[in-house]
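**Q** Predicted coordinates and the sequence they were generated for:
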Amino acid sequence: MQSDCVARASGTDIVQIQNVVKEYNLGKTVVPALRGVSLDIRSGDFMTVAGPSGSGKTTLLNLIGCVDVPTSGEVLVGGESTSVLSEKELTKLRLHRLGFIFQTFNLIGVLSTYHNVEFPLLLKGMSDRKARRDRVMNLLQRVGLETHARHRPNELSGGQRQRVAIARALVTEPCIVLADEPTANLDSITGEQIIDLMKEINEREKTTFIFSTHDQRVMEHAHRIVKLVDGRIAEDDR
C-alpha cells in the first residue's frame, strides 16, 4: 500500500481541503470550529498545524483522518471525497491509508506491546501469521522496543508507550500519518527522539506526516507550518 500511495500521489496533492466549514451543535448553540479553510497537502510532506487551543487543529486532523465529515466544503484524501463515502468505505480508507498517533497513546491495556502493534493487521484481515510477526518485530526493532514485546502498557514509560503508538500507526504502511500533539506528554529528550524517528521515516519512506502541535521543537523540523486562529488559516509557511 505504501508504494501504491507514493506511485499514485508522488509530487501531487495527497490531501485537498476545499472551503471547509465545521460546526458543532451544543444544544441550541452552534459552535464554529473551522470557518472556510482551504489547504492542499503534498505527498511526502512533514508539516505542522499550529495554533492556540480551540483554533481548530484537532478538528482539521479529524476531518483528514475520516473521523468526522465537514458541515460544508470538501475533504479529499488520495483523490477521494470523504463526504460521499459510506461508513464501510471510510473504515477501509482509515485502515489502509491512514495511521494515527494520539497524545494519550490509546493503547489497549490488556494487550502486550506486540499485540497492540499487531492489532491493525488483524483488523485488515492479514491472515499470514509469519508475515504479521515479521512486520511487527521489524517495527519494534526500529523504535527500539524489540526487548519489550511482551510488556503491557502499564509496564512502559511515557516515551516507550509513544513509540508503541508510532509502531502501531506505521504497521499498515499508511500513506499519511496524523499525529495529534505527539510530544505533549514527553520529556524534552524523549520528545526529540520521537521527532527524529518520525523524520527518518518521512525521509526514508516518503510517508506524509501531519502534526497538530504547540511544540516548538516539532515546528522547527517541519517543512511547512500552517497556523490556525479562530478556525481560519492565519499563516501558511510553505
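**A** Right, received. Where do you want to start? Residues are numbered from 1 along each chain as shown.
**Q** The longest helix seen in the chain: what's the following helix or strand?
**A** When the chain is scanned for its longest helix (criterion: DSSP state H), the result is helix 188-205. Proceeding N to C from helix 188-205, the next assigned helix or strand is strand 208-213, under DSSP states H and E.
**Q** Let me know the average pLDDT across that following strand.
**A** Strand 208-213 carries an average pLDDT of 93.
**Q** So what's the gap between it and the chain middle?
**A** With CA atoms, centre = their mean, to the nearest Å as the basis, strand 208-213 stands 6 Å off its chain's centre.
**Q** Run through the neighbouring helices and strands of that strand.
**A** strand 13-26, strand 29-42, strand 46-50, helix 57-64, strand 176-180, helix 188-205 (3 or more CB pairs under 8 Å, 6 or more residues apart in numbering; DSSP states H and E). Where you see a C-beta, it was placed from the backbone N, CA and C, and this is true even at glycine.
**Q** relative to strand 176-180, how tilted is the third one?
**A** With axes from the mean of the first three to the mean of the last three CA atoms, to 10 degrees as the criterion, the two stretches strand 46-50 and strand 176-180 enclose an angle of 30 degrees.
**Q** ditto for the fourth one
**A** Using the same axes, to 10 degrees, the direction of helix 57-64 lies 150 degrees away from that of strand 176-180.
**Q** Relative to the whole chain's centre, how far out is helix 57-64?
**A** On CA atoms, centre = their mean, the centre of helix 57-64 falls 10 Å from the chain's centre.
**Q** pull the CA atoms of that helix into PDB?
**A** C-alpha atoms of helix 57-64 as PDB (Å, rounded to 0.1, in the frame of the first residue of the first chain):
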ATOM      1  CA  LYS A  57      -6.200  22.000  14.900                       C
ATOM      2  CA  THR A  58      -7.700  18.700  16.100                       C
ATOM      3  CA  THR A  59     -10.900  19.200  14.100                       C
ATOM      4  CA  LEU A  60      -8.800  19.600  11.000                       C
ATOM      5  CA  LEU A  61      -6.900  16.300  11.700                       C
ATOM      6  CA  ASN A  62     -10.200  14.500  12.400                       C
ATOM      7  CA  LEU A  63     -11.500  15.600   9.100                       C
ATOM      8  CA  ILE A  64      -8.400  14.500   7.200                       C
END
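**Q** Which neighbouring residues are in contact with the residue with the largest distance to the centre of the chain, exactly?
**A** Ranking residues of the chain by C-alpha distance from their mean position (CA atoms, centre = their mean) puts K28 at the top, at 32.4 Å. Not one residue lies near K28 by CB atoms under 8 Å, 6 or more residues apart in numbering.
**Q** Please report phi then psi for it.
**A** phi -90, psi 0 (degrees, to the nearest 10).
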